[in-house]
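K.L.:
Below are the sequence and a predicted model; questions follow.
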Amino acid sequence: MEIETENHPADGNALSPAEDGILKDCESVIRKGMATFIAVGEALICIRDLRLFRVSAPSFEIFCRQSFRMSQQYTNSVMACSGVVNVLGEHPEFAGRLPENEAQARPLKGMEREQLVQTWQAVLEKTGSAPVTASLVREIVRKFLPETVQTLDASHAKPVMKIRRSVKSLRRAMERVPNPKAEHALRLVNELEALLDDL
């Protein structure tokens, strides 16, 4: 995306027509990105449940590996995260405050419905009007449900956190690459992020 810096209006806070167009494009990308993991999870569930893979592969796992280069662990994670958002979406008190990406939903997967709702309430209470972050969700889950979160040995925690930050930066950079091949690379980055979160 090419960013114009000229054509600014006299009012320092107003947007020029070019800036307004750029803002709308960026907002559209962000909105699509926020909904993507939910849609992908729902599509995978549909393919699995209706056995739509049966013509091209002997199993759902092989189909996902061959068709999308997605490991079984990552496929299961995406479907579970989509389910987390769907369960939370059934509660009107969470309207507009649902997990916005897979990283925020990942620590919540595998919880019973009631436990999930209580944990998400705790997350929203802790954040107030501030944005929710994946690390905050992990912190709340670790605090209230320590048995659901495996903790790393102290000698491994720092290196894993450093890798997590690097992968997060890489994901942000890949999201800005306007190349069809970047979509596959972004999927691999997301898979790596999921694996790191499961450590």
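P.N.:
Alright, I've got the coordinates.
K.L.:
any low-confidence regions in this protein?
P.N.:
Residue ranges of the chain with pLDDT under 70: 1-12, 23, 26-35, 146-158, 161, 180-182, 184, 194-199.
K.L.:
can you list the domain ranges for it.
P.N.:
For the chain, automatic domain parsing gives the domain ranges 17-149, 151-199.
K.L.:
Quick one: distance of the longest one to the chain centre.
P.N.:
In terms of Cα atoms, centre = their mean, to the nearest Å, the gap separating the centre of domain 17-149 from the centre of its chain is 6 Å.
K.L.:
Stretch 15-24 now?
P.N.:
27 Å.
K.L.:
Any buried residues in it, and which?
P.N.:
19, 22 (16 or more other Cβ atoms under 10 Å). No exception for glycine: its C-beta is placed from N, CA and C like everyone else's.
K.L.:
which residues sit in contact with the residue positioned nearest the centre of the chain?
P.N.:
In the chain, the centroid-proximal residue (Cα atoms, centre = their mean) is residue 102; its distance is 2.2 Å. Contact partners of residue 102, counting by Cβ atoms under 8 Å, 6 or more residues apart in numbering, are 37, 77, 78, 81, 190, 193, 194.
K.L.:
Narrow the residues you listed to those that are buried.
P.N.:
37, 77, 78, 81, 190, 193, 194.
K.L.:
Out of these, which sit inside helices?
P.N.:
Among the buried ones among the contacts of residue 102, the members falling in helices (DSSP state H) are 37, 77, 78, 81, 190, 193, 194.
K.L.:
ok, which stretches of the chain are helices?
P.N.:
17-49, 60-68, 72-89, 102-105, 113-127, 134-144, 154-175, 180-197.
K.L.:
winner for burial among those?
P.N.:
Stretch with highest mean neighbour count among the helices of the chain: helix 102-105 (a mean of 25; mean count of other Cβ atoms under 10 Å).
K.L.:
what phi and what psi does the backbone show at residue 53?
P.N.:
phi -80, psi -10 (degrees, to the nearest 10).
K.L.:
what do you get for the one 3 residues further on?
P.N.:
Backbone torsions for residue 56, taken as degrees, to the nearest 10, come to phi -110, psi -10.
K.L.:
which residue sits closest to it, ignoring its sequence neighbours?
P.N.:
Nearest residue to residue 56 in three dimensions, chain neighbours excluded: residue 63, at 6.3 Å (Cβ to Cβ, 6 or more residues apart in numbering).
K.L.:
got the contact list for the residue lying closest to residue 113 once chain neighbours are set aside?
P.N.:
Closest residue to residue 113 apart from its sequence neighbours, by Cβ to Cβ, 6+ apart: residue 87 at 5.9 Å. By Cβ under 8 Å, 6+ apart, the residues touching residue 87 are 113, 116, 117.
K.L.:
Then residue 64?
P.N.:
Counting by Cβ under 8 Å, 6+ apart, the residues that residue 64 touches are 44, 53, 70, 71, 72, 75.
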